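> Here is my input; please provide its structure:
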Amino acid sequence: QVQLVESGGGLVQAGGSLTLSCTSSGTIFSLNAMAWYRQAPGKKRELVAAITSGGSRDYADSVKGRFTISRDDAKNMVYLQMDSLKPEDTALYYCNAVDPERGSWVPFGPWGQGTQVTVSS
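Numbering: from 1, shown residues only. All right, here's what the predicted structure looks like:
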């Protein structure tokens, strides 16, 4: 069974940086678009960034210019470089494989445990 494992979260001051990593035990990365999501307490899970197998990127407006998504298919890894972090970026961050559907990215893989990012002001 495919498993997605996120890592790299932590506590950081506002303005700081973190790099999240996601790996998979299976072949879910192969030819699939991958995405990072986040969920803050009391809020719905939201898409942060997506990257296609060809390297095209898509970002939520709230993180454009601050976050960068990348992938290394040879290593089965997806990364999220987060710079200029703000307290409102505090959330549990997840990765997943996604399909484009009617203009939106739809996750279809199993959800992992996520990695917590906490940004202090």
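> center of this structure, which residue is that?
In the chain, the C-alpha closest to the average C-alpha coordinate belongs to Trp36, at a distance of 2.0 Å (Cα atoms, centre = their mean).
> Now name the helix or strand holding that one.
Using DSSP states H and E, Trp36 sits in strand 33-39.
> With only the CA atoms kept, save that strand in CSV.
Below are the C-alpha coordinates for strand 33-39, written out as CSV (Å, rounded to 0.1, in the frame of the first residue of the first chain):
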residue,chain,number,x,y,z
ALA,A,33,1.2,15.9,-10.4
MET,A,34,2.1,16.3,-6.7
ALA,A,35,0.9,19.0,-4.3
TRP,A,36,1.3,20.3,-0.9
TYR,A,37,-1.8,21.1,1.3
ARG,A,38,-2.2,22.6,4.7
GLN,A,39,-4.8,22.6,7.4
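> Strands of the protein, start to end?
Counting by DSSP state E, residue ranges of the strands within the chain are 4-7, 10-13, 18-24, 33-39, 46-51, 57-59, 67-72, 77-82, 91-101, 104-107, 115-120.
> one step back: looks like the residue nearest to the centre of the chain contacts Thr68 (just checking).
No. Taking contact to mean Cβ atoms under 8 Å, the distance of 10.6 Å between Trp36 and Thr68 leaves them out of contact. Any C-beta I mention is one placed from the backbone N, CA and C, and that applies to glycine too.
> right, and Glu46 touches Trp36 too?
No. With the criterion set as Cβ under 8 Å, Glu46 and Trp36 do not qualify as a contacting pair; they are 10.1 Å apart.
> Show the contacting residues for the nearest residue to Gly16 once chain neighbours are set aside.
Ranked by Cβ to Cβ, 6 or more residues apart in numbering and with sequence neighbours excluded, the top spatial neighbour of Gly16 is Leu85, at 5.4 Å. Applying Cβ atoms under 8 Å, 6 or more residues apart in numbering, one finds that Leu85 lies in contact with 12, 14-18, 66, 117, 119.
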